[in-house]
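Undergrad: Whatever this is, show me its structure:
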Amino acid sequence: MMGMTTKTLAFVLTLAASAAPLLHATDAAPFNWSGAVSAGKTISVHGISGTITAERSTSGQVEIVALRSGERSDPNEVQIQVVPTSDGLKVCAVYPSSGSDCNGSNSGDRNGHDRNDVKVQFTVKVPAGVNFAGHNVNGDVEIADIQGDATAHTVNGNVKINATESVEAHTVNGNIVATVSGPNANKTMGFHTVNGSIDLTLPGAASAAVSANTVNGAMSTDFPITVKGEFGNKSLAGTIGSGGPEIKMNTVNGSIRLHRG
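TA: Numbers count the residues shown, from 1 in each chain. So this is what the prediction gives:
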C-alpha cells in the first residue's frame, strides 16, 4: 500500500476487522416451546430451508426447539409460529417475504423464501400415540422411532423414518430410508422419489399388496411375493403374506429394496 501512512493503514485494518463478522453466519436465540397434544392428533411442521427432526418424547409433552442461522440475512426476521388446530398442532417457519403467517396458504411455501438465506433446524419430541408430519423444501427430514403415524415431504433432501404405525415419504432429489417397526403394516403407504433410492423395512409378519417401479435402478426383496401379472427387474405387483393395504414405491433414478425386519 504505497503512499499510505502508518496511521492510515492502521485505520483501514481496523475497519476491515470490524466488518469481518458481517461475513460470517449469525444465529438467533433458540426458539423453545412445550405443551400437550392428545393421542391420535398430529404435529405438523412446515419448514423451507434447513432440517426437520422428530424423535420420541420421554416427558409425555411435545417439545420443540428451532435454531435459526443465516449468512447474509438476519435470522431474527424469520418467525417460528405454533398454532393449535383441530387436528393437533401446526408449526411454521415464516419468512418476512411470505406475505402470510402459519394460518395462511403461503406458509411453508418456497415462494416465501425469496432470497432469504436463513436456515431453520427443527427438533421436535413427539409423545407416544401422537402422529408427526414434516414438510420441507430444501433440507432433510428425519423421524426417529416415534409411536404413531409418520409422514415426510421434502423437495431437495433425504428422508429417514422409523415409526410404529403407517409411514409415508415423498421427495424429488433424495433417498428414502423407512422402517415400520410395529407388529403389522396395516395401512396404505406410499414412497416416491425421482432422483434417489427407496429402502423400506417391514415387520416380518407384514401382509400387504405391493407395487414398485423404477426406470434406472435395481430392485430386490427379502419377502416371498405372490406376483400378479408379469414380473421384471424394474417393476413388480403382488402380495406379501395374505395381502392387505397397498404399499406403493416409485422412483426414476434409483434402486428399490424391500427388507424383512
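Undergrad: contacts, neighbours, all on C-alpha from now
TA: Noted.
Undergrad: Identify the residues contacting the nearest residue to residue 40 once chain neighbours are set aside.
TA: Excluding its sequence neighbours, the residue lying closest to residue 40 (C-alpha to C-alpha, 6 or more residues apart in numbering) is residue 130, at 5.3 Å. Taking C-alpha atoms under 8 Å, 6 or more residues apart in numbering, we find residue 130 in contact with 37-43, 147-149.
Undergrad: Narrow these to those that are buried.
TA: 37-38, 41-43, 147-149 (16 or more other C-alpha atoms under 10 Å).
Undergrad: Kindly indicate which of these lies nearest residue 136.
TA: Distance to residue 136, by C-alpha to C-alpha, is smallest for residue 43 among the buried ones among the contacts of residue 130, at 14.0 Å.
Undergrad: Next, the buried residues of stretch 52-64.
TA: Buried-residue list, stretch 52-64, by 16+ other C-alpha under 10 Å: 52-57, 61-64.
Undergrad: For these, work out which two are farthest apart.
TA: Farthest pair in the buried residues of stretch 52-64, by C-alpha to C-alpha: 52 and 61, 18.2 Å.
Undergrad: can you tell me which of the contacts of residue 130 are in strands?
TA: 42-43 (DSSP state E).
Undergrad: Format the contacts of residue 130 as a markdown table; extra columns: pLDDT.
TA: Listed next are the contacts of residue 130 as a markdown table, based on pLDDT from 0 to 100:
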| residue | pLDDT |
| --- | --- |
| 37 | 96 |
| 38 | 96 |
| 39 | 95 |
| 40 | 94 |
| 41 | 97 |
| 42 | 97 |
| 43 | 98 |
| 147 | 92 |
| 148 | 91 |
| 149 | 92 |
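Undergrad: Going by distance to residue 82, which of the contacts of residue 130 wins?
TA: The shortest approach to residue 82 among the contacts of residue 130 belongs to residue 43, at 10.0 Å (C-alpha to C-alpha).
Undergrad: Tell me what residue 27 is bridged to.
TA: residue 69 (DSSP bridges).
Undergrad: cool, residue 46 as well?
TA: Here residue 46 sits in beta bridges with residue 92, residue 135, as judged by DSSP bridges.
Undergrad: Need the pLDDT of it.
TA: Looking at residue 46, its pLDDT stands at 96.
Undergrad: Burial check on it, number of neighbours?
TA: By other C-alpha atoms under 10 Å, 25 other residues sit near residue 46.
Undergrad: can you check residue 255 too?
TA: Residue 255: 22 neighbours (other C-alpha under 10 Å).
Undergrad: Quickly note the distance from it to residue 217.
TA: In this view, residue 255 and residue 217 are 4 Å apart by C-alpha to C-alpha, to the nearest Å.
Undergrad: what about residue 197, distance to residue 166?
TA: Per C-alpha to C-alpha, residue 197 is found 20 Å from residue 166.
Undergrad: same deal with residue 68?
TA: Residue 68 is 31 Å from residue 166, by C-alpha to C-alpha.
Undergrad: Residue 195 touches residue 170, doesn't it?
TA: No - here residue 195 lies out of contact with residue 170, judged by C-alpha atoms under 8 Å, at a distance of 11.3 Å.
Undergrad: ok, the two, which is more surrounded?
TA: The residue with more neighbours, out of residue 195 and residue 170, is residue 170; 24 against 17, by other C-alpha under 10 Å.
Undergrad: same for the helix or strand encompassing residue 33, what does it pack against?
TA: Per DSSP states H and E: residue 33 is located in strand 31-35. Strand 31-35 is packed against strand 62-70, with contacts defined by 3 or more C-alpha pairs under 8 Å, 6 or more residues apart in numbering; DSSP states H and E.
Undergrad: Could you check how far the strand it packs on is from the centre of its chain?
TA: Centre-to-centre, strand 62-70 and its host chain are 14 Å apart (C-alpha atoms, centre = their mean, to the nearest Å).
Undergrad: again, but for stretch 123-137
TA: Taking C-alpha atoms, centre = their mean, one finds stretch 123-137 lying 9 Å from the centre of the chain it belongs to.
Undergrad: Sweet, I'm off.
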